[in-house]
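A.B. asks: I'd like to go over a predicted model; first the sequence, then the structure.
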Amino acid sequence: MTKKQSNFAENFAELENLTQWFETEEVDVEEGIKKFERGLELASLCKARLAEVENKVTELKKKYQQLIEE
Amino acid sequence: MASHARTVLSWSSMEPRILTVSQYIEVLNETLGMIPTELIVVGEVSQFSMSQQKWINFTLKDQDADAKIPCFMTVYQMKMPLEDGMKIQVRGRPNIYEKFGKFSFSISEYELVGEGALLKAYLMLKKKLEDEGLFDVSRKRQLPRFPERIGLITSEGAAAYGDFLRVLGNRFGGIEILHANVAVQGSTAVQDITQAFAQFESLPPQEKPQVLVLTRGGGSLEDLHAFNDEDVVRAIFRSSIPVIVGVGHERDESLCDFVADVRASTPSNAAERVTPDRREIHRELEMHLERMYHRVQMGVEAKNRSAEHAVLVLRQFIDRHVHMTNMAIGQFLGVSERFLSSVNQKKVETQKHARYLALQMSLRTRTIMDRLSSRTHLLESFRVERVLQRGFSLVRMKNKIIRAGDALAPGDRIAIQFAHGDVSADVVHGAQEKLL
(Lines give C-alpha, C1' and ligand atoms only; values in the text may rest on other atoms or scores of the structure.)
Protein backbone atom coordinates (compact mmCIF):
# COMPACT_ATOMS: atom_id res chain seq x y z
CA MET A 1 0.00 0.00 0.00
CA THR A 2 2.67 2.44 1.05
CA LYS A 3 4.69 1.53 -2.04
CA LYS A 4 1.76 2.08 -4.38
CA GLN A 5 0.96 5.32 -2.65
CA SER A 6 4.40 6.80 -2.75
CA ASN A 7 4.54 5.85 -6.40
CA PHE A 8 1.91 8.30 -7.50
CA ALA A 9 3.62 11.28 -5.92
CA GLU A 10 7.00 9.99 -7.12
CA ASN A 11 5.80 9.29 -10.63
CA PHE A 12 4.12 12.64 -10.87
CA ALA A 13 7.22 14.41 -9.58
CA GLU A 14 9.38 12.52 -12.09
CA LEU A 15 7.02 13.54 -14.87
CA GLU A 16 7.24 17.16 -13.76
CA ASN A 17 11.03 16.93 -13.75
CA LEU A 18 10.98 15.51 -17.25
CA THR A 19 8.87 18.39 -18.48
CA GLN A 20 11.21 20.74 -16.69
CA TRP A 21 14.13 19.12 -18.52
CA PHE A 22 12.40 19.73 -21.82
CA GLU A 23 11.80 23.36 -20.93
CA THR A 24 15.34 24.13 -19.86
CA GLU A 25 17.53 21.93 -22.06
CA GLU A 26 18.33 22.29 -25.70
CA VAL A 27 16.50 19.14 -26.71
CA ASP A 28 18.68 16.43 -28.10
CA VAL A 29 16.25 14.45 -30.24
CA GLU A 30 17.41 10.97 -29.23
CA GLU A 31 17.54 11.82 -25.54
CA GLY A 32 14.25 13.68 -25.90
CA ILE A 33 12.49 10.70 -27.42
CA LYS A 34 13.78 8.46 -24.63
CA LYS A 35 12.52 10.89 -22.02
CA PHE A 36 9.23 11.33 -23.81
CA GLU A 37 8.71 7.57 -23.80
CA ARG A 38 9.42 7.54 -20.07
CA GLY A 39 6.93 10.39 -19.69
CA LEU A 40 4.26 8.37 -21.48
CA GLU A 41 4.94 5.45 -19.18
CA LEU A 42 4.69 7.62 -16.06
CA ALA A 43 1.54 9.35 -17.28
CA SER A 44 -0.12 6.02 -17.92
CA LEU A 45 0.82 4.81 -14.40
CA CYS A 46 -0.61 8.01 -12.95
CA LYS A 47 -3.78 7.72 -15.01
CA ALA A 48 -4.28 4.16 -13.84
CA ARG A 49 -4.14 5.45 -10.29
CA LEU A 50 -6.54 8.29 -11.09
CA ALA A 51 -8.99 5.68 -12.30
CA GLU A 52 -9.25 4.30 -8.75
CA VAL A 53 -12.53 5.49 -7.26
CA GLU A 54 -12.56 3.96 -3.81
CA ASN A 55 -10.94 5.33 -0.70
CA LYS A 56 -10.42 2.88 2.13
CA VAL A 57 -11.52 3.88 5.60
CA THR A 58 -9.97 2.15 8.62
CA GLU A 59 -11.08 2.86 12.16
CA LEU A 60 -8.33 3.97 14.48
CA LYS A 61 -9.14 1.99 17.62
CA LYS A 62 -9.06 3.83 20.85
CA LYS A 63 -6.22 2.90 23.09
CA TYR A 64 -8.35 1.23 25.77
CA GLN A 65 -10.09 -0.83 23.08
CA GLN A 66 -6.74 -2.01 21.85
CA LEU A 67 -5.78 -2.93 25.38
CA ILE A 68 -8.99 -4.93 25.84
CA GLU A 69 -8.47 -6.81 22.59
CA GLU A 70 -4.88 -7.57 23.40
CA MET B 1 -12.79 15.47 65.50
CA ALA B 2 -15.00 13.86 62.90
CA SER B 3 -16.74 11.85 65.55
CA HIS B 4 -17.31 15.11 67.36
CA ALA B 5 -19.21 16.50 64.50
CA ARG B 6 -21.19 13.39 63.86
CA THR B 7 -22.12 13.24 67.52
CA VAL B 8 -23.30 16.78 67.41
CA LEU B 9 -25.28 16.29 64.23
CA SER B 10 -26.96 13.21 65.50
CA TRP B 11 -27.76 15.01 68.69
CA SER B 12 -31.44 15.68 68.62
CA SER B 13 -32.37 16.73 72.12
CA MET B 14 -32.67 20.31 73.12
CA GLU B 15 -30.06 19.95 75.81
CA PRO B 16 -27.52 22.74 75.67
CA ARG B 17 -24.05 21.72 74.63
CA ILE B 18 -20.83 23.66 74.61
CA LEU B 19 -18.37 23.59 71.70
CA THR B 20 -15.14 25.38 70.85
CA VAL B 21 -15.06 27.68 67.81
CA SER B 22 -13.16 25.21 65.77
CA GLN B 23 -15.54 22.46 66.81
CA TYR B 24 -18.42 24.61 65.78
CA ILE B 25 -16.86 25.42 62.40
CA GLU B 26 -16.30 21.74 61.97
CA VAL B 27 -19.99 21.11 62.60
CA LEU B 28 -20.84 23.81 60.07
CA ASN B 29 -18.54 22.29 57.43
CA GLU B 30 -19.94 18.81 58.07
CA THR B 31 -23.40 20.22 57.60
CA LEU B 32 -22.44 22.09 54.44
CA GLY B 33 -20.83 18.89 53.18
CA MET B 34 -24.25 17.28 53.11
CA ILE B 35 -25.30 19.56 50.28
CA PRO B 36 -25.16 17.46 47.11
CA THR B 37 -22.23 18.47 44.84
CA GLU B 38 -24.46 17.99 41.78
CA LEU B 39 -26.02 21.34 42.56
CA ILE B 40 -24.98 23.90 40.04
CA VAL B 41 -24.91 27.57 40.87
CA VAL B 42 -25.23 30.16 38.16
CA GLY B 43 -23.98 33.68 38.64
CA GLU B 44 -21.86 36.50 37.36
CA VAL B 45 -18.16 36.88 38.11
CA SER B 46 -17.06 40.00 39.93
CA GLN B 47 -13.98 41.16 41.85
CA PHE B 48 -11.86 38.61 40.04
CA SER B 49 -8.33 38.45 41.42
CA MET B 50 -5.28 36.21 41.26
CA SER B 51 -2.58 36.06 43.93
CA GLN B 52 0.89 34.59 43.70
CA GLN B 53 0.03 33.32 40.19
CA LYS B 54 -1.71 30.50 41.99
CA TRP B 55 -4.84 31.39 43.93
CA ILE B 56 -7.95 32.76 42.34
CA ASN B 57 -10.69 34.56 44.16
CA PHE B 58 -13.83 36.12 42.85
CA THR B 59 -17.37 36.76 43.86
CA LEU B 60 -20.26 35.02 42.22
CA LYS B 61 -23.34 37.15 42.32
CA ASP B 62 -26.82 37.31 40.97
CA GLN B 63 -27.16 39.95 38.35
CA ASP B 64 -30.29 41.59 39.77
CA ALA B 65 -30.64 40.55 43.38
CA ASP B 66 -27.96 41.55 45.84
CA ALA B 67 -26.71 38.02 46.62
CA LYS B 68 -23.04 37.01 46.68
CA ILE B 69 -20.91 33.94 47.20
CA PRO B 70 -17.17 34.30 47.57
CA CYS B 71 -15.49 31.71 45.35
CA PHE B 72 -12.06 30.16 45.41
CA MET B 73 -10.02 27.95 43.06
CA THR B 74 -6.46 27.41 41.80
CA VAL B 75 -5.13 28.48 38.41
CA TYR B 76 -4.81 24.81 37.45
CA GLN B 77 -8.58 24.53 37.50
CA MET B 78 -8.97 27.52 35.24
CA LYS B 79 -9.55 25.86 31.88
CA MET B 80 -11.23 28.90 30.43
CA PRO B 81 -10.32 32.51 30.97
CA LEU B 82 -12.46 34.38 33.44
CA GLU B 83 -13.05 38.01 33.99
CA ASP B 84 -15.54 40.26 35.66
CA GLY B 85 -18.98 40.29 34.15
CA MET B 86 -18.83 36.74 32.78
CA LYS B 87 -21.76 34.52 33.48
CA ILE B 88 -20.71 31.11 34.67
CA GLN B 89 -22.14 28.03 36.23
CA VAL B 90 -20.13 26.35 38.95
CA ARG B 91 -19.97 23.17 40.91
CA GLY B 92 -18.02 22.76 44.10
CA ARG B 93 -18.02 22.61 47.83
CA PRO B 94 -19.15 25.27 50.29
CA ASN B 95 -16.70 25.71 53.10
CA ILE B 96 -15.95 27.90 56.06
CA TYR B 97 -12.34 28.75 56.38
CA GLU B 98 -11.48 28.22 60.00
CA LYS B 99 -8.73 30.78 60.24
CA PHE B 100 -10.80 33.74 59.07
CA GLY B 101 -14.22 32.41 59.84
CA LYS B 102 -15.07 33.19 56.29
CA PHE B 103 -17.41 31.37 54.01
CA SER B 104 -16.18 30.48 50.55
CA PHE B 105 -17.21 28.27 47.71
CA SER B 106 -14.39 26.02 46.58
CA ILE B 107 -14.92 25.47 42.88
CA SER B 108 -14.24 22.06 41.35
CA GLU B 109 -15.39 22.87 37.85
CA TYR B 110 -17.08 25.65 35.99
CA GLU B 111 -18.43 26.45 32.57
CA LEU B 112 -19.12 29.69 30.83
CA VAL B 113 -22.74 30.46 30.24
CA GLY B 114 -24.21 32.46 27.39
CA GLU B 115 -22.70 33.67 24.15
CA GLY B 116 -21.38 36.85 25.74
CA ALA B 117 -19.25 35.04 28.31
CA LEU B 118 -18.10 32.43 25.86
CA LEU B 119 -17.17 35.08 23.33
CA LYS B 120 -15.21 37.00 25.94
CA ALA B 121 -13.40 33.87 27.04
CA TYR B 122 -12.80 32.95 23.44
CA LEU B 123 -11.27 36.32 22.66
CA MET B 124 -9.10 36.26 25.75
CA LEU B 125 -7.74 32.79 25.00
CA LYS B 126 -7.25 33.74 21.38
CA LYS B 127 -5.13 36.70 22.40
CA LYS B 128 -3.11 34.66 24.84
CA LEU B 129 -2.33 31.94 22.29
CA GLU B 130 -1.63 34.50 19.63
CA ASP B 131 0.85 36.24 21.92
CA GLU B 132 2.51 32.90 22.53
CA GLY B 133 3.04 32.51 18.80
CA LEU B 134 0.77 29.51 18.24
CA PHE B 135 -0.88 31.14 15.25
CA ASP B 136 2.31 32.35 13.58
CA VAL B 137 2.12 32.08 9.83
CA SER B 138 5.81 31.23 9.72
CA ARG B 139 5.25 27.85 11.35
CA LYS B 140 2.53 26.72 8.95
CA ARG B 141 3.60 23.61 7.11
CA GLN B 142 2.79 22.74 3.57
CA LEU B 143 0.59 19.72 2.96
CA PRO B 144 1.80 16.99 0.62
CA ARG B 145 0.18 17.40 -2.76
CA PHE B 146 -0.80 13.74 -3.08
CA PRO B 147 -1.38 12.36 0.41
CA GLU B 148 -1.78 8.60 0.48
CA ARG B 149 -2.69 8.27 4.16
CA ILE B 150 -5.00 10.75 5.81
CA GLY B 151 -5.91 10.80 9.47
CA LEU B 152 -9.51 11.91 9.93
CA ILE B 153 -10.62 13.14 13.33
CA THR B 154 -14.38 13.60 13.56
CA SER B 155 -17.57 11.97 14.71
CA GLU B 156 -18.88 9.14 12.61
CA GLY B 157 -22.39 10.34 13.26
CA ALA B 158 -21.75 13.90 12.15
CA ALA B 159 -22.69 15.16 8.70
CA ALA B 160 -19.10 16.36 8.39
CA TYR B 161 -17.88 12.77 8.24
CA GLY B 162 -20.07 11.91 5.25
CA ASP B 163 -19.45 15.23 3.51
CA PHE B 164 -15.71 14.89 3.83
CA LEU B 165 -15.57 11.30 2.51
CA ARG B 166 -18.00 12.03 -0.33
CA VAL B 167 -16.09 15.05 -1.59
CA LEU B 168 -12.77 13.27 -1.14
CA GLY B 169 -14.05 10.30 -3.17
CA ASN B 170 -15.19 12.63 -5.93
CA ARG B 171 -11.73 14.10 -6.15
CA PHE B 172 -9.26 11.28 -5.68
CA GLY B 173 -9.17 7.52 -5.09
CA GLY B 174 -6.92 4.90 -3.56
CA ILE B 175 -6.32 6.90 -0.40
CA GLU B 176 -6.19 5.19 2.96
CA ILE B 177 -8.14 7.05 5.60
CA LEU B 178 -7.43 6.36 9.22
CA HIS B 179 -10.51 7.49 11.10
CA ALA B 180 -10.48 8.43 14.76
CA ASN B 181 -14.11 8.44 15.85
CA VAL B 182 -14.41 11.22 18.43
CA ALA B 183 -17.16 13.24 20.01
CA VAL B 184 -17.01 16.71 18.51
CA GLN B 185 -19.15 18.28 21.19
CA GLY B 186 -20.19 17.49 24.72
CA SER B 187 -18.17 16.71 27.79
CA THR B 188 -15.86 14.08 26.27
CA ALA B 189 -15.04 15.99 23.09
CA VAL B 190 -11.85 17.64 24.33
CA GLN B 191 -10.47 14.44 25.78
CA ASP B 192 -11.43 12.42 22.70
CA ILE B 193 -9.81 14.83 20.33
CA THR B 194 -6.59 15.32 22.27
CA GLN B 195 -6.33 11.56 22.69
CA ALA B 196 -6.77 11.04 18.94
CA PHE B 197 -3.89 13.44 18.26
CA ALA B 198 -1.74 11.60 20.79
CA GLN B 199 -2.61 8.29 19.17
CA PHE B 200 -1.73 9.44 15.66
CA GLU B 201 1.49 10.82 17.07
CA SER B 202 2.38 7.47 18.63
CA LEU B 203 1.91 5.46 15.42
CA PRO B 204 5.04 3.93 13.88
CA PRO B 205 6.40 6.11 11.04
CA GLN B 206 5.22 3.83 8.23
CA GLU B 207 1.66 3.92 9.58
CA LYS B 208 1.56 7.63 10.31
CA PRO B 209 -0.76 9.61 8.08
CA GLN B 210 0.84 12.36 6.02
CA VAL B 211 -1.86 14.80 7.04
CA LEU B 212 -4.52 15.05 9.77
CA VAL B 213 -7.97 16.45 9.18
CA LEU B 214 -9.98 17.72 12.14
CA THR B 215 -13.48 18.61 11.12
CA ARG B 216 -17.07 19.09 12.21
CA GLY B 217 -20.14 20.98 11.13
CA GLY B 218 -21.05 24.46 12.24
CA GLY B 219 -22.62 25.42 15.51
CA SER B 220 -22.87 27.94 18.30
CA LEU B 221 -19.87 28.90 20.38
CA GLU B 222 -21.09 26.43 22.97
CA ASP B 223 -21.26 23.64 20.39
CA LEU B 224 -17.79 24.49 19.19
CA HIS B 225 -16.28 24.65 22.67
CA ALA B 226 -13.92 21.73 22.03
CA PHE B 227 -12.54 23.50 18.98
CA ASN B 228 -11.83 26.55 21.11
CA ASP B 229 -10.34 24.55 23.93
CA GLU B 230 -6.79 25.34 24.88
CA ASP B 231 -5.79 21.66 25.18
CA VAL B 232 -7.08 20.87 21.70
CA VAL B 233 -5.37 23.93 20.23
CA ARG B 234 -2.10 22.89 21.84
CA ALA B 235 -2.51 19.31 20.62
CA ILE B 236 -2.75 20.65 17.07
CA PHE B 237 0.23 22.90 17.70
CA ARG B 238 2.31 19.98 18.94
CA SER B 239 1.36 17.58 16.16
CA SER B 240 4.34 16.48 14.07
CA ILE B 241 1.89 15.76 11.25
CA PRO B 242 0.51 18.77 9.37
CA VAL B 243 -3.09 19.50 10.36
CA ILE B 244 -5.97 20.84 8.34
CA VAL B 245 -8.99 22.07 10.29
CA GLY B 246 -12.43 22.51 8.76
CA VAL B 247 -15.11 23.61 11.15
CA GLY B 248 -18.65 24.63 10.50
CA HIS B 249 -19.89 26.92 7.84
CA GLU B 250 -18.02 29.56 5.95
CA ARG B 251 -18.51 32.22 8.62
CA ASP B 252 -17.57 30.08 11.61
CA GLU B 253 -14.18 30.41 13.15
CA SER B 254 -12.50 28.54 15.94
CA LEU B 255 -9.13 28.71 17.62
CA CYS B 256 -8.30 25.40 15.94
CA ASP B 257 -8.63 27.17 12.60
CA PHE B 258 -5.92 29.64 13.58
CA VAL B 259 -3.44 27.09 14.84
CA ALA B 260 -3.97 24.68 11.93
CA ASP B 261 -1.44 24.50 9.12
CA VAL B 262 -4.29 24.85 6.66
CA ARG B 263 -7.68 26.28 7.44
CA ALA B 264 -10.65 24.95 5.52
CA SER B 265 -14.01 26.69 5.67
CA THR B 266 -16.15 23.54 5.80
CA PRO B 267 -15.70 19.75 5.98
CA SER B 268 -16.19 19.60 2.20
CA ASN B 269 -13.62 22.31 1.73
CA ALA B 270 -11.22 20.33 3.93
CA ALA B 271 -11.51 17.46 1.44
CA GLU B 272 -10.85 19.90 -1.39
CA ARG B 273 -7.81 21.32 0.35
CA VAL B 274 -6.35 17.96 1.25
CA THR B 275 -6.40 16.31 -2.19
CA PRO B 276 -6.27 17.54 -5.75
CA ASP B 277 -9.10 16.85 -8.17
CA ARG B 278 -8.37 13.86 -10.39
CA ARG B 279 -9.76 15.77 -13.43
CA GLU B 280 -7.31 18.55 -12.80
CA ILE B 281 -4.45 16.09 -12.46
CA HIS B 282 -5.61 14.35 -15.61
CA ARG B 283 -5.43 17.66 -17.46
CA GLU B 284 -2.03 18.34 -15.95
CA LEU B 285 -0.77 14.95 -17.12
CA GLU B 286 -2.01 15.67 -20.63
CA MET B 287 -0.38 19.07 -20.53
CA HIS B 288 2.95 17.59 -19.47
CA LEU B 289 2.80 15.09 -22.32
CA GLU B 290 1.79 17.78 -24.77
CA ARG B 291 4.65 20.02 -23.76
CA MET B 292 7.12 17.18 -24.00
CA TYR B 293 5.76 16.10 -27.36
CA HIS B 294 5.91 19.64 -28.62
CA ARG B 295 9.54 19.94 -27.57
CA VAL B 296 10.48 16.63 -29.17
CA GLN B 297 8.74 17.71 -32.35
CA MET B 298 10.59 20.99 -32.27
CA GLY B 299 13.84 19.08 -31.82
CA VAL B 300 13.08 16.85 -34.81
CA GLU B 301 12.17 19.83 -36.94
CA ALA B 302 15.31 21.63 -35.88
CA LYS B 303 17.34 18.58 -36.80
CA ASN B 304 15.65 18.37 -40.19
CA ARG B 305 16.23 22.02 -40.74
CA SER B 306 19.88 21.68 -39.83
CA ALA B 307 20.22 18.68 -42.18
CA GLU B 308 18.61 20.67 -44.97
CA HIS B 309 20.81 23.56 -44.11
CA ALA B 310 23.89 21.32 -44.23
CA VAL B 311 22.87 20.05 -47.68
CA LEU B 312 22.29 23.59 -48.81
CA VAL B 313 25.64 24.74 -47.48
CA LEU B 314 27.33 21.77 -49.09
CA ARG B 315 25.65 22.47 -52.39
CA GLN B 316 26.61 26.11 -52.23
CA PHE B 317 30.15 25.11 -51.39
CA ILE B 318 30.34 22.74 -54.34
CA ASP B 319 28.71 25.27 -56.67
CA ARG B 320 31.10 27.93 -55.57
CA HIS B 321 34.09 25.70 -56.12
CA VAL B 322 32.85 24.51 -59.51
CA HIS B 323 32.34 28.12 -60.46
CA MET B 324 35.77 29.09 -59.19
CA THR B 325 37.39 26.18 -61.04
CA ASN B 326 35.56 27.10 -64.23
CA MET B 327 36.67 30.63 -63.86
CA ALA B 328 40.25 29.55 -63.28
CA ILE B 329 40.11 27.29 -66.33
CA GLY B 330 38.60 30.14 -68.38
CA GLN B 331 41.25 32.49 -67.19
CA PHE B 332 43.93 29.95 -67.97
CA LEU B 333 42.55 29.33 -71.42
CA GLY B 334 42.40 33.06 -72.09
CA VAL B 335 45.93 33.52 -70.92
CA SER B 336 47.11 30.51 -72.94
CA GLU B 337 45.36 31.78 -76.01
CA ARG B 338 46.87 35.17 -75.64
CA PHE B 339 50.23 33.56 -75.05
CA LEU B 340 49.92 31.33 -78.13
CA SER B 341 48.81 34.19 -80.32
CA SER B 342 51.69 36.27 -79.05
CA VAL B 343 54.01 33.32 -79.76
CA ASN B 344 52.60 33.07 -83.26
CA GLN B 345 52.95 36.74 -83.77
CA LYS B 346 56.53 36.56 -82.60
CA LYS B 347 57.08 33.63 -84.92
CA VAL B 348 55.78 35.56 -87.92
CA GLU B 349 57.84 38.54 -86.94
CA THR B 350 60.91 36.36 -86.51
CA GLN B 351 60.33 34.74 -89.85
CA LYS B 352 59.99 38.17 -91.41
CA HIS B 353 63.19 39.25 -89.75
CA ALA B 354 64.89 36.07 -90.87
CA ARG B 355 63.85 36.63 -94.43
CA TYR B 356 65.00 40.22 -94.29
CA LEU B 357 68.29 39.19 -92.74
CA ALA B 358 68.78 36.49 -95.31
CA LEU B 359 68.21 39.02 -98.07
CA GLN B 360 70.50 41.51 -96.48
CA MET B 361 73.11 38.85 -95.99
CA SER B 362 73.00 37.74 -99.57
CA LEU B 363 73.22 41.36 -100.78
CA ARG B 364 76.08 42.06 -98.47
CA THR B 365 77.81 38.85 -99.49
CA ARG B 366 77.49 39.72 -103.10
CA THR B 367 79.04 43.11 -102.57
CA ILE B 368 81.83 41.63 -100.58
CA MET B 369 82.36 39.00 -103.20
CA ASP B 370 82.45 41.63 -105.89
CA ARG B 371 84.86 43.70 -103.94
CA LEU B 372 86.94 40.66 -103.20
CA SER B 373 87.10 39.76 -106.84
CA SER B 374 88.29 43.20 -107.85
CA ARG B 375 90.84 43.12 -105.09
CA THR B 376 91.92 39.72 -106.20
CA HIS B 377 92.46 41.10 -109.62
CA LEU B 378 94.36 43.95 -108.19
CA LEU B 379 96.43 41.71 -106.07
CA GLU B 380 97.04 39.52 -109.01
CA SER B 381 98.41 42.43 -110.86
CA PHE B 382 100.76 43.06 -107.97
CA ARG B 383 102.29 39.65 -108.03
CA VAL B 384 106.24 39.63 -108.23
CA GLU B 385 106.41 37.43 -111.27
CA ARG B 386 104.02 39.78 -113.12
CA VAL B 387 106.25 42.71 -112.16
CA LEU B 388 109.41 40.90 -113.13
CA GLN B 389 107.85 39.98 -116.40
CA ARG B 390 107.29 43.59 -117.10
CA GLY B 391 111.14 43.98 -116.92
CA PHE B 392 111.77 44.68 -113.34
CA SER B 393 114.27 42.70 -111.24
CA LEU B 394 114.53 42.04 -107.58
CA VAL B 395 117.72 42.53 -105.58
CA ARG B 396 118.28 40.65 -102.41
CA MET B 397 121.11 40.43 -100.01
CA LYS B 398 121.18 37.65 -97.63
CA ASN B 399 117.62 36.89 -98.58
CA LYS B 400 116.46 40.42 -97.73
CA ILE B 401 115.00 42.54 -100.41
CA ILE B 402 117.09 45.64 -101.01
CA ARG B 403 114.90 48.67 -101.50
CA ALA B 404 117.59 51.38 -101.67
CA GLY B 405 121.03 51.56 -103.19
CA ASP B 406 122.61 53.13 -100.12
CA ALA B 407 121.92 49.84 -98.34
CA LEU B 408 124.71 48.37 -100.36
CA ALA B 409 128.33 48.91 -100.09
CA PRO B 410 130.97 47.95 -102.47
CA GLY B 411 131.91 44.29 -102.16
CA ASP B 412 128.49 43.18 -101.02
CA ARG B 413 127.24 40.16 -102.77
CA ILE B 414 123.77 40.42 -104.00
CA ALA B 415 121.31 38.15 -105.73
CA ILE B 416 119.28 39.52 -108.62
CA GLN B 417 116.07 37.89 -109.58
CA PHE B 418 114.64 38.30 -113.09
CA ALA B 419 111.48 37.05 -114.61
CA HIS B 420 113.47 34.19 -115.94
CA GLY B 421 116.71 33.22 -114.17
CA ASP B 422 118.67 34.60 -111.26
CA VAL B 423 122.16 35.89 -110.99
CA SER B 424 124.54 36.85 -108.27
CA ALA B 425 126.70 39.93 -108.44
CA ASP B 426 129.17 41.94 -106.45
CA VAL B 427 128.64 45.61 -105.84
CA VAL B 428 131.43 47.58 -107.37
CA HIS B 429 130.38 51.06 -106.51
CA GLY B 430 128.21 52.40 -103.83
CA ALA B 431 125.29 54.68 -104.58
CA GLN B 432 127.03 57.80 -103.18
CA GLU B 433 129.87 57.22 -105.46
CA LYS B 434 127.81 56.94 -108.53
CA LEU B 435 126.16 60.21 -107.74
CA LEU B 436 129.41 61.81 -107.45
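C.D. replies: Sure, I can see it. Numbering: from 1, shown residues only, chains lettered A, B, ... in the order given.
A.B. asks: Going by contacts, tell me the helices and strands next to the longest helix belonging to chain B.
C.D. replies: In terms of residue count, the longest helix belonging to chain B (DSSP state H) is helix B:278-382. Here helix B:278-382 touches helix A:2-24, helix A:29-50, going by 3 or more Cβ pairs under 8 Å, 6 or more residues apart in numbering or on different chains; DSSP states H and E. All C-beta spots, glycine's among them, are computed from the backbone N, C-alpha and C.
A.B. asks: what pLDDT, on average, does whatever helix or strand comes next after it get?
C.D. replies: Along the chain past helix B:278-382, the next helix or strand (assigned with DSSP states H and E) turns out to be helix B:384-389. For helix B:384-389, mean pLDDT rounds to 80.
A.B. asks: any residues touching stretch B:304-313, and which ones?
C.D. replies: Stretch B:304-313 is contacted by no other residue when judged by Cβ atoms under 8 Å, 6 or more residues apart in numbering or on different chains.
A.B. asks: try stretch B:195-205
C.D. replies: Here stretch B:195-205 makes contact (Cβ under 8 Å, 6+ apart) with A:60, A:62-63, B:151, B:153, B:178, B:180, B:182, B:208-209, B:212, B:235-236, B:238-241.
A.B. asks: Just the buried ones from the residues you listed, in PyMOL syntax?
C.D. replies: In PyMOL, selecting the buried portion of the contacts of stretch B:195-205, with burial taken from 16 or more other Cβ atoms under 10 Å in any protein chain shown, looks like this:
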select buried, (chain A and resi 60+62) or (chain B and resi 151+153+178+180+182+208+209+212+235+236+239+241)
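A.B. asks: So which of the contacts of stretch B:195-205 belong to strands?
C.D. replies: Members of these lying in strands (criterion: DSSP state E): B:Gly151, B:Ile153, B:Leu178, B:Ala180, B:Leu212.
A.B. asks: I'd say B:Leu129 and B:Leu255 touch.
C.D. replies: Yes. Contact criterion Cβ atoms under 8 Å: B:Leu129 and B:Leu255 qualify, at 6.5 Å.
A.B. asks: Go back to the ones in strands among the contacts of stretch B:195-205 and keep what's next to chain A.
C.D. replies: Counting by Cβ under 8 Å from any Cβ of the partner chain, B:Gly151, B:Leu178, B:Ala180 from the ones in strands among the contacts of stretch B:195-205 sit close to chain A.
A.B. asks: Out of those residues, flag the one nearest to B:Arg291.
C.D. replies: Among these, B:Gly151 lies closest to B:Arg291 (Cβ to Cβ), at 35.8 Å.
A.B. asks: OK, contacts around the closest residue to that closest one other than its chain neighbours?
C.D. replies: Nearest residue to B:Gly151, sequence neighbours excluded (Cβ to Cβ, 6 or more residues apart in numbering or on different chains): B:Pro209, at 3.7 Å. Counting by Cβ under 8 Å, 6+ apart, B:Pro209 touches B:Pro147, B:Arg149, B:Ile150, B:Gly151, B:Leu178, B:Phe200, B:Leu203, B:Ile241.
A.B. asks: Now for residue 31, how many residues are close by?
C.D. replies: No chain specified, so I'll use chain A. For A:Glu31, the count of nearby residues is 13 (other Cβ atoms under 10 Å in any protein chain shown).
A.B. asks: should've been chain B
C.D. replies: Residues lying near B:Thr31 (other Cβ under 10 Å) number 14.
A.B. asks: cool, and B:Val45?
C.D. replies: Using other Cβ under 10 Å, B:Val45 has 21 other residues around it.
A.B. asks: and it, that's in a strand?
C.D. replies: Yes. Remark: B:Val45 belongs to a strand, assigned using DSSP: H, G, I helix; E, B strand; the rest coil.
A.B. asks: tell me the pLDDT at it?
C.D. replies: pLDDT, B:Val45: 90.
A.B. asks: measure it to chain A for me?
C.D. replies: Separation of B:Val45 from chain A (Cβ to the nearest Cβ, to the nearest Å) stands at 36 Å.
A.B. asks: ok, now B:Asp277?
C.D. replies: Distance of B:Asp277 to chain A, given as Cβ to the nearest Cβ: 10 Å.
A.B. asks: Poorly predicted segments of chain A, please.
C.D. replies: In the prediction, chain A carries residues with pLDDT under 70 at positions A:1-6, A:62-70.
A.B. asks: 50 - rerun?
C.D. replies: Within chain A, the segments meeting pLDDT under 50 span A:1-6, A:70.
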